[in-house]
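Asker: model this:
(chains A and B)
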Protein chains: 2
Amino acid sequence: MEAALKQALSATSVAVEKVLDPILRVPDGPEAKVYEAMRHAVFNGGKRLRPLLVLASAELFGVERSCALRVAAAIECVHCYSLVHDDLPAMDDDDLRRGKPTVHVAFDEATAILAGDALLTIAFEILSDEKTHPDPRVRVELVKALSKAAGAAGMVGGQMIDLSAEDHDLSEHDVFRLQNMKTGALISFASEAGAIMARASKQAHASLQGYARDVGLAFQIADDLLDVEGTEEEVGKAVGKDEGAGKATLVGILGIERARQQAQILADQAIDHLSDFDDKALLLRAVAHFAINRRT
Amino acid sequence: MEAALKQALSATSVAVEKVLDPILRVPDGPEAKVYEAMRHAVFNGGKRLRPLLVLASAELFGVERSCALRVAAAIECVHCYSLVHDDLPAMDDDDLRRGKPTVHVAFDEATAILAGDALLTIAFEILSDEKTHPDPRVRVELVKALSKAAGAAGMVGGQMIDLSAEDHDLSEHDVFRLQNMKTGALISFASEAGAIMARASKQAHASLQGYARDVGLAFQIADDLLDVEGTEEEVGKAVGKDEGAGKATLVGILGIERARQQAQILADQAIDHLSDFDDKALLLRAVAHFAINRRT
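Answerer: Predicted coordinates:
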């Protein structure tokens, strides 16, 4: 199972980068720098978990792979933009990401801000292009779902709550909400994207939403556990930062042992949501296992 | 003519703010801050020139006003996001905007970055919502056009070139290109939005594109002239900054007298592009006059 997933992640990475390479081609002219910074942010050895979720959910419904790959590319642009902005000195102030200098270190702050802005924007350009799907209803639905997931009611709002946690304590409720918004919303969009592309039933949407909610939280708990237990070398970025920065994490609230149990329960629940999809959901099940067993 | 335009701008401002007020409603919860910062950026007494262009171009084709107002609201969100990010310390480092503290001064840098991100994102959420237009082909076309105008090949790329001008000289060609990308692209989208909403002829699109290109440049030259000749009180932000920062402006390249002549020529050309639209284009003509005669 794990080998199959690793292979799938690696194949996804190759395929998504092949889609993004021409889209992010560096033009001649003085604006080249922002494209170079976008490439630095995107071609960074990322796991490509969100793209894999898009491809896996698209497979459930037999969606054409070339369409799914473009949606996967769009969501990866949004994920990478969020990392670039979160790493900025005014935010989490991280110099290292996957063992490499972050964008504002490799370039400069202004370029990092602009590269993030451009990556967010290009995600919507990719989704709205007819190459992504022949049906305009599907394209506009993808735009709508991604914008909701990425905006102030989703990912950006989650980061705002996360930053506010440095000043005052959050309740357990707030921390769960923060994680659902900050990482859950985008993972949810990725998991549902196949259903949107296939114009699938409400029932299918609901199953995938349930799966995504549980996998997203399991993934976040595993991330927090890595921050507490992992080494900098393994994780490829500074560890132990959350506690130092007074960050509100689920591990901080639940404690290590309960957090580990909770992650297992969530992964099991996530898999239960997939019962309607039989063998087609093998990959999504593997992701749920991976979410809690990964070392990086 | 000028009184009619002032009235139109003022009516546009009221109508667009009425659309944006519920969209930017501040929620309960620790993410409220990012919404407050978004409101600070949007409800700032801006001229609402881009929204007016949307409404004026929509009127040419009898597009329903409620649809046009939502597109106007979306483009204003993008314009305001660009101001918030451009004002950041790492970019133009401006403390004042329309006589009020900029977002990173009124809040903090992290919140300003996030508020900008969220404003950009919500623009696409607004456009993709069916309230904006019943035809999904139109909605997705609006998304596509706005994302192209706002991204690395448009507004963001223009700002990148502008920043690079602080380090090395730009050719006259580069400066024109920079202005076309930085402000022209969004003004172009605003002017064309009516044609997109009405699914108008290629000819109509081309006329509006021509109009927008000329008005955009005229507007930018007038902006540069204000920076050279205006007082801080009149303009509502620091003046004389462009020269101090070694910024590449059209006035710097053409000189004041030639710049003023060029702006007049561009405004006349802009108006020539509107000949097909007869009396329906009164407002767009007034905008062309206003572009070069404004004092703020």
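Asker: Spell out the residue ranges of the helices in the stretch 151-296 of chain A.
Answerer: Assigned by DSSP state H, counting those that start in this stretch, the stretch 151-296 of chain A shows helices spanning A:155-164, A:172-179, A:185-197, A:202-229, A:232-235, A:241-244, A:250-254, A:256-272, A:282-293.
Asker: Next: the stretch 1-150 of chain A.
Answerer: Under DSSP H, counting those that start in this stretch, the stretch 1-150 of chain A gives helices at A:2-23, A:32-42, A:49-60, A:65-86, A:103-106, A:109-128, A:136-150.
Asker: could those helices go into CSV alongside distance to chain B, mean pLDDT and mean neighbour count?
Answerer: Placement of C-beta: from N, CA and C, glycine included. Converted to CSV, these look like this (distance: least, Cβ to the nearest Cβ, whole Å; pLDDT from 0 to 100; neighbours: other Cβ atoms under 10 Å in any protein chain shown):
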stretch, distance to chain B, mean pLDDT, mean neighbour count
helix A:2-23, 10, 94, 16
helix A:32-42, 4, 98, 23
helix A:49-60, 16, 96, 26
helix A:65-86, 6, 98, 25
helix A:103-106, 8, 98, 22
helix A:109-128, 4, 98, 28
helix A:136-150, 4, 98, 24
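Asker: closest one to A:K280 among these?
Answerer: Smallest distance to A:K280 across these (Cβ to Cβ): 5.0 Å, for helix A:49-60.
Asker: you'd agree A:R199 is up against A:P134?
Answerer: No - at 11.9 Å, A:R199 does not count as touching A:P134 under the criterion of Cβ atoms under 8 Å.
Asker: neighbours around A:M197, how many?
Answerer: 25 (other Cβ atoms under 10 Å in any protein chain shown).
Asker: Surely A:I292 touches A:A222?
Answerer: Yes - A:I292 lies in contact with A:A222 (Cβ under 8 Å); the separation is 5.1 Å.
Asker: where do the contact lists of those two overlap?
Answerer: A:A263 (Cβ atoms under 8 Å, 6 or more residues apart in numbering or on different chains).
Asker: I'd say A:A185 and A:G158 touch.
Answerer: Yes - using Cβ under 8 Å, A:A185 makes contact with A:G158 at a distance of 7.2 Å.
Asker: So these two - more neighbours on which side?
Answerer: The residue with more neighbours, out of A:A185 and A:G158, is A:A185; 26 against 23, by other Cβ under 10 Å.
Asker: contacting residues around that one?
Answerer: Per Cβ under 8 Å, 6+ apart, neighbours of A:A185: A:K148, A:A149, A:A150, A:G154, A:M155, A:G158.
Asker: doesn't A:V175 make contact with the last one?
Answerer: Translated: A:G158. No - assessed by Cβ under 8 Å, A:G158 is found out of contact with A:V175, at 10.6 Å.
Asker: Widest-spaced pair of the contacts of A:A185?
Answerer: A:K148 and A:G158 (12.8 Å).
Asker: Let me see the contact set for the nearest residue to A:L250 once chain neighbours are set aside.
Answerer: In space, and not counting its chain neighbours, A:L250 is closest to A:I221: 5.0 Å by Cβ to Cβ, 6 or more residues apart in numbering or on different chains. Applying Cβ under 8 Å, 6+ apart, we find A:I221 in contact with A:L250, A:V251, A:L254, A:A259, A:R260, A:Q262, A:A263, A:L266, A:I292.
Asker: can you put the helices of the stretch 1-150 of chain A in CSV and add distance to B:D169?
Answerer: Below are these laid out as CSV (distance: least, Cβ to Cβ, whole Å):
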stretch, distance to B:D169
helix A:2-23, 31
helix A:32-42, 16
helix A:49-60, 42
helix A:65-86, 29
helix A:103-106, 25
helix A:109-128, 19
helix A:136-150, 38
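Asker: Model confidence at the residue lying closest to A:T249 once chain neighbours are set aside, what's the number?
Answerer: In space, and not counting its chain neighbours, A:T249 is closest to A:D224: 4.2 Å by Cβ to Cβ, 6+ apart. What the model reports for A:D224 is a pLDDT of 86.
Asker: and A:D224, how many neighbours?
Answerer: When neighbours are defined as other Cβ under 10 Å, A:D224 has 24 of them.
Asker: Output stretch A:181-195 in CSV, but only the C-alpha positions, please.
Answerer: C-alpha atoms of stretch A:181-195 as CSV (Å, rounded to 0.1, in the frame of the first residue of the first chain):
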residue,chain,number,x,y,z
MET,A,181,-9.9,26.6,7.6
LYS,A,182,-6.1,26.8,7.2
THR,A,183,-5.4,23.4,5.7
GLY,A,184,-8.7,21.6,5.7
ALA,A,185,-10.5,23.8,3.2
LEU,A,186,-7.9,23.3,0.4
ILE,A,187,-7.7,19.6,1.1
SER,A,188,-11.4,19.5,0.9
PHE,A,189,-11.5,21.2,-2.4
ALA,A,190,-8.9,18.8,-3.7
SER,A,191,-10.8,15.8,-2.6
GLU,A,192,-14.1,17.1,-4.0
ALA,A,193,-12.6,18.3,-7.3
GLY,A,194,-13.3,15.0,-9.0
ALA,A,195,-17.0,15.2,-8.1
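Asker: per-residue confidence averaged over that stretch?
Answerer: Stretch A:181-195 comes out with an average pLDDT of 95.
Asker: And for stretch A:87-102?
Answerer: Stretch A:87-102 shows a mean pLDDT of 95.
Asker: Contacts for that stretch next, please.
Answerer: Contacts of stretch A:87-102 (Cβ under 8 Å, 6+ apart): A:44-46, A:83-86, A:103-106, A:109, A:112-113, A:159, A:163, A:236-238, A:241, A:245, B:108-110, B:113.
Asker: Report the backbone C-alpha coordinates of that stretch in PDB.
Answerer: Extracted C-alpha coordinates of stretch A:87-102, given in PDB (Å, rounded to 0.1, in the frame of the first residue of the first chain):
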ATOM      1  CA  ASP A  87       7.100  32.100   5.200                       C
ATOM      2  CA  LEU A  88       7.500  35.900   5.000                       C
ATOM      3  CA  PRO A  89       9.300  37.800   7.800                       C
ATOM      4  CA  ALA A  90       6.000  39.500   8.800                       C
ATOM      5  CA  MET A  91       4.300  36.100   9.100                       C
ATOM      6  CA  ASP A  92       6.100  33.000  10.200                       C
ATOM      7  CA  ASP A  93       9.500  34.200   9.300                       C
ATOM      8  CA  ASP A  94      10.900  31.000   7.900                       C
ATOM      9  CA  ASP A  95      14.200  30.900   6.000                       C
ATOM     10  CA  LEU A  96      14.000  27.300   5.000                       C
ATOM     11  CA  ARG A  97      11.400  25.200   3.200                       C
ATOM     12  CA  ARG A  98      12.200  21.600   2.300                       C
ATOM     13  CA  GLY A  99      15.900  22.300   3.000                       C
ATOM     14  CA  LYS A 100      16.000  25.200   0.500                       C
ATOM     15  CA  PRO A 101      15.900  28.900   1.100                       C
ATOM     16  CA  THR A 102      12.400  30.300   1.100                       C
END
